[in-house]
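**Q** Requesting a structural model of the entry that follows:
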Amino acid sequence: MSQYFEVHPENPQARLLKQAAQILHGGGVAAIPTDSSYALVCHLDDKAAAENLRRIRGVDDKHHLTLLCRDLSELASYARVDNKQYRLLKLGTPGPFTFILEATKEVPRRLSHPSRRTIGLRVPDHKVTQELLAQVGQPLLAATLIAPGESQPMNDPDAIRARFEKQLQAVVDAGACPMQPTTVLDLSGDEPVLVRSGRGDVARLGLSFE
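**A** Residues are numbered from 1 along each chain as shown. Purely as a prediction, here's the structure:
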């Protein structure tokens, strides 16, 4: 049975987010709002929780999970970033961009792409996500909340609760999200590659893709 936390989108109640953070620390999987859509999240270091997240989402270990970070200072532990990449990251954070980067040895092998040793990282621009990350005290492992067999992200907290109440340990309700996925850029090679066009405008990064 999931716990339901109704929070203000701009001024979230710290005590409720603290309770949600405790559930995540205890191995729970939660649905939370972000600046693109609702996401499934769990504790970074909990293997069982990560496997449970994949099971709920209906994806295997080849599916890229993303690290949600509070700011760029957290990236260095998880990704190798040169000056050119860092400039792009600085322009795109916080915001609706996911950056695929070369993973450091700090990243457990089970979390990085199995054949390429890459990891997806993003810094969301959403007050509730940021406050929850502050309460947790480290990045969270995340996947867009798309129900198995569906193609669109879920955006209605009540519908999320109804569908996943028996599978999730927490639902953080901050109202509707934009319901548009992040723009995904692969920065692990010599030149940036646009993997998915989404809410983030690549022109903000000084890039253009034909």
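**Q** Tell me both backbone torsions, phi and psi, for V41.
**A** phi -130, psi 150 (degrees, to the nearest 10).
**Q** partner residues bridging it?
**A** Per DSSP bridges, residues listed as beta-bridge partners of V41: A30, A142.
**Q** surely it meets L24?
**A** Yes. Contact criterion Cβ atoms under 8 Å: V41 and L24 qualify, at 6.9 Å. (Each C-beta comes from the backbone N, C-alpha and C, glycine too.)
**Q** The two: who's more crowded?
**A** V41 (31 against 24; other Cβ atoms under 10 Å).
**Q** Give me the distance between the most centrally placed residue in the chain and A203.
**A** Central residue of the chain (Cα atoms, centre = their mean): A142, 3.8 Å from the mean position. The gap separating A142 from A203 is 25 Å, by Cβ to Cβ, to the nearest Å.
**Q** what's the overlap in contacts for V41 and L24?
**A** Residues touching both V41 and L24 (Cβ atoms under 8 Å, 6 or more residues apart in numbering): 30, 140.
**Q** can you pull the contacts of the residue lying closest to E6 once chain neighbours are set aside?
**A** Excluding its sequence neighbours, the residue lying closest to E6 (Cβ to Cβ, 6 or more residues apart in numbering) is D173, at 4.7 Å. By Cβ under 8 Å, 6+ apart, D173 lies in contact with 4-7, 33, 157-158, 161.
**Q** List only those of these flagged as buried.
**A** Buried members of the contacts of D173, counted by 16 or more other Cβ atoms under 10 Å: 4-5, 7, 33, 157.
**Q** which other helices and strands contact the strand or helix carrying G120?
**A** For G120, the element it lies in under DSSP states H and E is strand 118-122. Counting by 3 or more Cβ pairs under 8 Å, 6 or more residues apart in numbering; DSSP states H and E, the packing neighbours recorded for strand 118-122 are strand 66-68, strand 97-103.
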